[in-house]
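Enquirer: Here is my input; please provide its structure:
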Amino acid sequence: MAWSWQTIAWAAIALLLFAAEALAPGAFMLWLGLAAAAVFGLVLLFPGLTVLAQVAAFVVLSFVSIQVYRTWFRGRERASDQPLLNRRAEQLVGRVVPLERAIVQGVGRVQIADAFWDVSGPDLAAGTPVRVIGTDGMTLQVEAADRE
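Expert: Prediction:
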């Protein structure tokens, strides 16, 4: 078994990619690291492999490993029991609140709990009850609500 500079380089690349995955998880660097580890194994088995062949093998194995991830693993994620957990604005859809500041030229403001939200909708006077019907980023889309 020959420990050439190429063998050590592929081992180092694989370890660096695994470390990058640990620092910034997202399951992307993991697959590149597995491809680099596979090329490390190829260089150990076939010490006469040219650098061009090694790089080509890395590119092909990276592409294949990412496709394996996208096909078999990415689609099998568990559905969340709280899909709106990190979507605070979307959690407010359906709520009825009074306008804190009148909607003028389509823009106004409401207070929900201790937060103020920009709203868009038809022009309405301050104090008018509005129903949140959707979101556009962090702006709530509202319409006049029937008095309950």
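Enquirer: I'd like to know how many residues surround residue 97.
Expert: A total of 19 residues lie near residue 97 under the criterion other CB atoms under 10 Å. All C-beta atoms are positioned from the backbone trio N, CA, C, and that covers glycine.
Enquirer: Name the surrounding residues that touch the lowest-mean-pLDDT helix or strand in the chain.
Expert: Among the helices and strands of the chain, helix 88-91 carries the lowest confidence by mean pLDDT, DSSP states H and E, at a mean of 83. Applying CB atoms under 8 Å, 6 or more residues apart in numbering, the external contacts of helix 88-91 come out as 84, 117, 135, 137-140.
Enquirer: Buried among these? Make that a ChimeraX selection.
Expert: The buried subset of these, as determined by 16 or more other CB atoms under 10 Å, is captured in ChimeraX by this line:
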select :117,135,140
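Enquirer: ok, which pair from the contacts of helix 88-91 is furthest apart?
Expert: When CB to CB is used, the two most widely separated members of those are 84 and 139, lying 16.9 Å apart.
Enquirer: Show me the shaky parts of this protein.
Expert: Under the criterion of pLDDT under 70, the regions of the chain flagged as low confidence span 1-2, 27, 74-77, 80, 83-85, 147-148.
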